[in-house]
Every structure is written in C-alpha cells, then in structure tokens.
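Peer 1: sequence isn't available, so here's the structure alone:
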C-alpha cells in the first residue's frame, strides 16, 4: 500500500527565516512520482513540483528547493528567506504509475509566516 | 492548457437535502477525473475517480455518488446530505503528457459545501 506522511501539522516562522517541510512516503513500486502542492487561503491547489523516482537530483527554483532521497523515502521542501505570501497549507503527494490511477496525498502542513 | 471549472463555488444545504456538484474540463480529451474532499483543517480525501464515460471507482463508502455522463463532465451527488458531508470539494485531472510533463494533477477552484 502507498502512504504519504507529513508529520508537521503546523509550522510558524518569522519572515526571512528558512523553513523545511518534511514528507515521507511509502511504496513498494520502483516507478512513481512525487509532487508538492500549495494551497493558499483561497483554497485552490497550486502545483509546485514533480519528481520521478529515477531522478534524485535536487532542484532549486528561486527561494524554493526540494531534496529527494530514496534511501530515506523522503521528499522535503525548503523555503529560503520565507515571506508572508508563503503562508499556506502545503501538500506532498505520491503517484504510483503501475496499475493505479490514484494519487495519495499527505495530510498537509500549515505554514504561517509572521511579519 | 486544460481548465477545470467547478460549480457552485459555495453551497449551504440543510441536512437531508440532495446535492449536485458539477465539474467540467476544457482543453483536454479523455482525461482521468477525480473528486477529492477536504474537511475543515484536514487533508485531501479521494472520493471517486473515473477513467472514462460511465466508469466510476469509489474509494470511500458513504452516501455520495459520482457520475460521468460525458467525457469532460464529472458530477458528485447525494440524495440526502449528512452534517459530515460538509467540506471543500475539489475536482482534478492530470496534466497532459508531452508539453505538460507527466502526471501532476491540476485542480478546479473547489466547491465549499456547508450542511446545516
């Protein structure tokens, strides 16, 4: 069975601090994709990044960076120099491509960036 | 690029009343479609998914049902709402392959349901 765990329910940081959101996944399949989504107060989920199981290269996009480690089944998300606009709920998700159409989401981490 | 429309955006219904939430997709064909529910302050729960017209898979036993009468239309229904049906309902479909990469879900704006 597949599972995504986001152990941090809520995190509060002061603006300009760095923050890392943790994501741990479980799957026995060798081919899968991992995603991060942002849900601002408006409610709509915004896709941030996709990573496939064969690509462990870390990625940086502006203030965002992602650290994918298959050895620990983790796909962590770091925001550098956080801003108030980063305040949102962040979801990590897993999609196993073999024989299923289901995407498994974590329970989300609420990030509050205080001015 | 595909666009996902959901309506109504907001709905307040009494317990025991029926429900119909509609989702339509533009800019793609034969998409897999998904209904998720997010209870207040909670994560995303997969309710239904569909791989084609008339093909519905249910993930959670409940008093909700889904239908897919057309390729790009996905409807969530209930004959009698319960208080526990309150939540934020999201329709989603994967992005296209090729120019859109592989697999990421795109979501509609959501329908917020309050059952009183």
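Peer 2: Structure received. A quick note: this is a predicted structure, and the numbers were derived from the prediction, not measured.
Peer 1: burial check on residue A:94, number of neighbours?
Peer 2: Using other Cβ atoms under 10 Å in any protein chain shown, residue A:94 has 24 neighbouring residues. In this view, the C-beta of every residue, glycine as well, is placed from N, C-alpha and C.
Peer 1: ok, the residue in chain B that chain A sits nearest to to residue B:87 distance?
Peer 2: Going by Cβ to the nearest Cβ, chain A is nearest to residue B:43 of chain B, at 3.6 Å. Between residue B:43 and residue B:87 the distance is 11 Å, computed by Cβ to Cβ, to the nearest Å.
Peer 1: returning to that earlier point: where's the closest residue to the residue of chain B closest to chain A other than its chain neighbours, which helix or strand?
Peer 2: Nearest non-adjacent residue to residue B:43, counting by Cβ to Cβ, 6 or more residues apart in numbering or on different chains: residue A:107, 3.6 Å away. Under the criterion DSSP states H and E, no helix or strand holds residue A:107.
Peer 1: report the contact partners of the most centrally placed residue in chain B.
Peer 2: Most central in chain B under Cα atoms, centre = their mean is residue B:35, positioned 3.0 Å from the mean C-alpha point. Going by Cβ atoms under 8 Å, 6 or more residues apart in numbering or on different chains, residue B:35 touches B:23, B:46, B:47, B:48, B:49, B:66, B:74, B:76, B:89, B:90, B:91.
Peer 1: number of nearby residues for residue 7?
Peer 2: In the absence of a named chain, this looks at chain A. Residue A:7: 11 neighbours (other Cβ under 10 Å).
Peer 1: not quite, I wanted chain B
Peer 2: 14.
Peer 1: can you name the residues bridging to it?
Peer 2: In this entry, residue B:7 is beta-bridged to residue B:22, by DSSP bridges.
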